[in-house]
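**Student:** predicted model and sequence below, questions to follow.
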Amino acid sequence: MNNKSVLTRIKNWNLLLPVVSLLLVMAVNIIHDAAIGANPLSFFMITLRQTTGNGTILYGRIIDILNRGSEVAILAIGMTLVVSSSAGTDISVGSVMSLCASFCCMLLAGYGVSSTTTLAVPLIVGILGGIFIGVLCGMFNGTLVAYFHIQPMVATLILFSAARAIGLLLCNDLIVYVRNEAFGFFGGYIGVIPTAFVIAALCIIVTSLFLKKTAMGMYIQSVGINPKASRIAGLNSKRMIFMTYTVCGLFAGIAGIVAASRITSADSNNIGLYFEMDAILSVALGGNSLGGGKFSLAGSIIGAYTIQAITTTLYALGVSSTQAPVFKAIIVILIVAIQAPPLRAFFKRRSAAKQVKGAAV
């Protein structure tokens, strides 16, 4: 195998963009640590640390990224399927997270109760209730997009605007604290490993197996590429789009439970805030076309943890939490520009011209 064929394979690798982006973030951390006189490899260091609440746990920047980025990784699974099937984005996932967390905590604490250590209903009822609300929200969005043919961003704008307000109503305009050890487990640790990362890994594995062991992945991509042709071929395009939005709502519900458990409360105004942007950016950074069709779930997951790595790096560089979305927005613009058909066509013409020139020589 010659060098030219190796370079061609690397250039066509569907995970090239997310992997390069992650490596760039790592390089920035190495340079920053070296510049301030710290160990250049501090970013990669993982140690065991003794804590009062969780015992001995793994500690380090990478562990923090895997822990904090897991909620976005869970959202990115559903967002990937939505983008692939409908060529649109679900901008309500952050607000749906908040609603699911609020409903779960309201069930566990009881309506009108602001703080409790004992559960009003069994834990499983609260967890399943929160996830069920996420599924209902996904079905609502899916119905508007698939059956009423409303543009995805407009359809999901409804819950983007209303879900947090509904969550506040459910919690009687209170921040509901559920200071229960069993509930806090989902945002805590399993041994030395963050529970959020384990939950995200399980969601990724189950979804990947389902998409690979069944024809569902191919059907979703087919509908995203050409819904009319898929319908002629015998696929129910509307049902496929409806299903992907329902699954997206399901994962938003799971992410909402993890977020509420992490802080042992339902803060409707802050849970999932700006997470829809991170989920969309994860899909784009994962090398997936926002125009629908073929998708890479692995790319989206790498993209999700890369987003968290970028956030952690921005904080390390002294960028405030209010300024961080500006830099993320710039990254979105760059990625969308790279994927734009005119720019792709320009690079293809340049590549073809070089090949012709090389053949002439």
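**Tutor:** Now that the structure is in, tell me what you want to look at. Small disclaimer: the values here were computed from a predicted structure and weren't measured. Residues are numbered from 1 along each chain as shown.
**Student:** CA atoms for contacts and neighbours, from now on please.
**Tutor:** Noted.
**Student:** strands of the chain, residue ranges please.
**Tutor:** Here the chain has its strands, by DSSP state E, at 47-51, 55-59, 115-116, 176-178, 189-190, 193-194, 265-266.
**Student:** what strands line up against the second one, and which way round?
**Tutor:** Its sheet considered, strand 55-59 pairs with strand 47-51 (antiparallel) by DSSP bridges.
**Student:** what's the answer for the last one, then?
**Tutor:** Its sheet considered, strand 265-266 pairs with strand 176-178 (antiparallel) by DSSP bridges.
**Student:** any chance you could list what contacts the strand it pairs with?
**Tutor:** With C-alpha atoms under 8 Å, 6 or more residues apart in numbering as the test, strand 176-178 has contacts from 102, 105-106, 108-109, 113-119, 264-267.
**Student:** what of stretch 215-233?
**Tutor:** By C-alpha under 8 Å, 6+ apart, the residues outside stretch 215-233 that reach it are 81, 83-87, 210-211, 235-237, 240-241, 292-295.
**Student:** kindly recompute the last result at 10 Å.
**Tutor:** Applying C-alpha atoms under 10 Å, 6 or more residues apart in numbering, the contact partners of stretch 215-233 are 81-88, 207-208, 210-212, 235-238, 240-241, 243-244, 291-295.
**Student:** buried ones only from those residues, please, as a PyMOL command.
**Tutor:** To isolate the buried ones among these in PyMOL, judged by 16 or more other C-alpha atoms under 10 Å, type:
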select buried, resi 81+82+83+84+85+86+87+88+207+208+211+235+237+238+240+241+243+244+291+292+293+294+295
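**Student:** filter the contacts of stretch 215-233 down to just the ones in helices.
**Tutor:** 81-86, 207-208, 210-212, 237-238, 240-241, 243-244 (DSSP state H).
**Student:** show the backbone phi and psi for I271.
**Tutor:** Here is the backbone geometry of I271 (degrees, to the nearest 10): phi -60, psi 130.
**Student:** before we move on, what about the one 3 residues further on?
**Tutor:** Its backbone dihedrals place Y274 at phi 70, psi 10, with angles given as degrees, to the nearest 10.
**Student:** excluding chain neighbours, what is closest to it?
**Tutor:** G94 (6.5 Å; C-alpha to C-alpha, 6 or more residues apart in numbering).
**Student:** which residues touch the one you found?
**Tutor:** G94 is in contact with 72, 75, 159-160, 163-164, 252-253, 255-256, 270-279, counting by C-alpha under 10 Å, 6+ apart.
**Student:** change it to 6 Å
**Tutor:** Neighbour list for G94: G272, L273, F275, E276 [criterion: C-alpha atoms under 6 Å, 6 or more residues apart in numbering].
**Student:** go ahead and confirm T56 touches R49.
**Tutor:** Yes: the pair T56 and R49 qualifies as a contact (C-alpha atoms under 6 Å) at a distance of 5.4 Å.
**Student:** C203: neighbour count?
**Tutor:** Neighbour count of C203, defined by other C-alpha atoms under 10 Å: 16.
**Student:** what does the pLDDT read for it?
**Tutor:** For C203, the pLDDT comes out at 97.
**Student:** show me the contacts for it.
**Tutor:** Neighbours of C203 in contact, by C-alpha under 6 Å, 6+ apart: none.
**Student:** roughly how far does it sit from L281?
**Tutor:** The gap separating C203 from L281 is 19 Å, by C-alpha to C-alpha, to the nearest Å.
**Student:** what's the closest of the contacts of G94 to A309?
**Tutor:** Ranked by distance to A309 (C-alpha to C-alpha), those are led by F275 at 14.6 Å.
**Student:** with distance to L136 as extra columns, can I get the strands of the chain in a markdown table?
**Tutor:** Shown next, in a markdown table, are the strands of the chain (distance: least, C-alpha to C-alpha, whole Å):
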| stretch | distance to L136 |
| --- | --- |
| strand 47-51 | 39 |
| strand 55-59 | 36 |
| strand 115-116 | 27 |
| strand 176-178 | 22 |
| strand 189-190 | 29 |
| strand 193-194 | 28 |
| strand 265-266 | 19 |
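**Student:** now tabulate those in TSV and tack on mean pLDDT.
**Tutor:** Formatted as TSV, the strands of the chain follow (pLDDT from 0 to 100):
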stretch	mean pLDDT
strand 47-51	86
strand 55-59	86
strand 115-116	92
strand 176-178	95
strand 189-190	92
strand 193-194	94
strand 265-266	92
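**Student:** hey, which of those is tucked in deepest?
**Tutor:** Neighbour counts averaged per stretch over the strands of the chain are highest for strand 265-266, at a mean of 30; criterion: mean count of other C-alpha atoms under 10 Å.
**Student:** what's that strand in contact with?
**Tutor:** By C-alpha under 6 Å, 6+ apart, strand 265-266 touches A101, S102, I175, V176, Y177, V178, A260.
**Student:** go again using 10 Å as the cut-off
**Tutor:** With C-alpha under 10 Å, 6+ apart as the criterion, strand 265-266 contacts 98-106, 109, 114-116, 167-168, 171, 174-180, 183-184, 256-257, 259-260, 271.
**Student:** what number of residues lie near P122?
**Tutor:** The burial count for P122: 11, using other C-alpha under 10 Å.
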